[in-house]
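S.K.: Pasting the sequence and the predicted model now:
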Amino acid sequence: MIVDIASPILFVLIFLFFALFDVFGVKIKKAQHDLVLGLLLLGMVLFAGSRWSIWSTPDSYRIFDYAAYKHVFDNPLSIISFGDAYVSSDNYIRSMDPGYVFLSTLFAKILPNVHVWFLLYSLTTIMFFYGALRRGKMTRYIFVVLFIYIARLYFQYNFIMMRQALAMAILWWSISYVGERRFWKFLLCVTLASIQHFSAFIFLVVYWLPRFKLSNRFIYSSLGIAFAMTILGLWDIIIQGGIQVSLSALGLDARLSGYILDIQERDAGMNVLNLLEILPFFYFAMMYKKQMEETKEGHIFFNMFILYIFLLFVVIHFMALARITSYFIIPYLYIAHTALSATINRNNRILIWSIILVYFMIYATRFIIANFTNNGYGFFLFHI
């Protein structure tokens, strides 16, 4: 039984329905609220963790990276001589970080099949993600927060790039250590995230963000210059030259720079949606800047948001590099929560946030249609 695009769209609509509870100020009893929240989180675990695909051979990367992860799990390496086994393994296995391959190998010797592994991995990701929301004090308007995550990130990361999804969740969970100035605990979390996806090391920069209090003049001028350089294509020239020079010195230019630059050519058009969605969050961030900077977590999230916009302007034409910016996108959730908490006028809240939720529903629908149509996605329980 193949699940068509109606199922993922219905999944998003369920989250939208409860997000509207927050927007319209519908009050429900705590016990009912907690029950709904628990079911939504369980749904997030199961919907991504239960994925199945007819494309299950090593060459089948056509949907959700299902075949790639299944191949790694179904071909575990030797634990004792893991290093040598990894070096001599096939390209599909060596395309993933050795830390992830080691974990997959370890659990392949314990778990009955890859589907249990997917469920366990999905459960771990959602646990860290929800823990990050609680530690970041983003639970009052939790349904809106969950909907934004579902519509903007869930199908792309929890389905397709599940290693990076877990890495992002771990890093977001660790942000409280930044506010508490616990560097070694933060570094440990970054290291654990990097075991899943090496690019997570870029998140180390977050530890130093609280040192800076950004003036409005600096924000507008730096982002204005960055955007102008994007329009003029100057960042493309700098990045292309930097990649070719630096990787050439390591003898890796033919493989890595070719991969990144080929993606740039196929994705040369600017992603207008990613730029447009910044506007309402930037408006709210600047409106509540003083309020956000009064708390440790708010100060971190505000500076991270400005960094996210800057990085997006820099790499927006490079799909492979643009994925790295997603580590810094969690301020979307914090800003949304802050704006909803601060808005007193009910009519303004309903109007503004209804428009924002409609945008994210369109974003999710567009992604689902592009990736679920005729790609053979289904639930593994239907195929046992």
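M.R.: Right, received. Where do you want to start?
S.K.: show me where the stretch 201-350 of the chain has helices.
M.R.: Remark: helices assigned in the stretch 201-350 of the chain by DSSP state H, counting those that start in this stretch are 216-232, 234-249, 258-266, 272-276, 278-287, 289-293, 296-315, 319-322, 331-342, 346-372.
S.K.: Can you pull out the low-pLDDT segments for the protein?
M.R.: 1-4, 52-64, 243-271, 374-384 (pLDDT under 70).
S.K.: ok, now with 50
M.R.: Counting by pLDDT under 50, the chain shows low-confidence ranges at 1-3, 60-63, 252-259, 261-269.
S.K.: Go ahead and confirm Thr338 touches Gly298.
M.R.: Yes: using C-beta atoms under 8 Å, Thr338 is in contact with Gly298, at 7.1 Å. C-betas here are computed from N, CA, C, even on glycine.
S.K.: Now list whatever residues contact both of those two.
M.R.: 291-292 (C-beta atoms under 8 Å, 6 or more residues apart in numbering).
S.K.: more crowded one of the two?
M.R.: Just comparing Thr338 and Gly298: by other C-beta atoms under 10 Å the higher neighbour count belongs to Thr338, 25 against 22.
S.K.: Next up, the contacts around that one.
M.R.: 284, 288, 291-292, 298.
S.K.: ok, and the most crowded of those residues?
M.R.: Met292 (24 neighbours).
S.K.: Distance check, the nearest residue to that residue once chain neighbours are set aside against Lys137.
M.R.: Sequence neighbours aside, Gly298 is the residue nearest to Met292 in space, at 3.5 Å (criterion: C-beta to C-beta, 6 or more residues apart in numbering). Distance of Gly298 to Lys137, computed by C-beta to C-beta, to the nearest Å: 9 Å.
S.K.: what's in contact with stretch 192-203?
M.R.: Outside stretch 192-203, the residues that reach it (C-beta under 8 Å, 6+ apart) are 97, 99-100, 103, 161, 163-164, 166-168, 170-171, 174, 190, 323-324, 327-328.
S.K.: Please identify which of the helices of the stretch 201-350 of the chain is closest to Phe24.
M.R.: Among these, the nearest to Phe24 by C-beta to C-beta is helix 346-372 (6.1 Å).
S.K.: tell me which residues of that closest one are tucked away?
M.R.: Neighbour counts over helix 346-372 (16 or more other C-beta atoms under 10 Å) mark 349, 352-353, 356-357, 359-361, 363-365, 367-368, 371-372 as buried.
S.K.: Could you do stretch 17-25 as well?
M.R.: 18-23.
S.K.: quick one: Gln156 from Leu10, how far?
M.R.: 18 Å.
S.K.: Those two - which one has more neighbours?
M.R.: Set side by side, Gln156 and Leu10 show more neighbours around Gln156, with 16 against 9, by other C-beta under 10 Å.
S.K.: And the helices in the stretch 51-200 of the chain?
M.R.: 66-74, 82-87, 91-94, 98-108, 114-135, 142-149, 162-173, 175-179, 183-196.
S.K.: Mind putting those helices into a markdown table with distance to Phe227?
M.R.: Shown next, in a markdown table, are the helices of the stretch 51-200 of the chain (distance: least, C-beta to C-beta, whole Å):
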| stretch | distance to Phe227 |
| --- | --- |
| helix 66-74 | 36 |
| helix 82-87 | 42 |
| helix 91-94 | 38 |
| helix 98-108 | 36 |
| helix 114-135 | 29 |
| helix 142-149 | 23 |
| helix 162-173 | 25 |
| helix 175-179 | 27 |
| helix 183-196 | 29 |
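S.K.: Go through those helices and name the closest to Ile316.
M.R.: Among the helices of the stretch 51-200 of the chain, helix 162-173 sits nearest to Ile316 (C-beta to C-beta), with 18.1 Å.
S.K.: Quick check: phi and psi on Thr343?
M.R.: phi -80, psi 120 (degrees, to the nearest 10).
S.K.: Counting neighbours, what do you get for it?
M.R.: Thr343: 18 neighbours (other C-beta under 10 Å).
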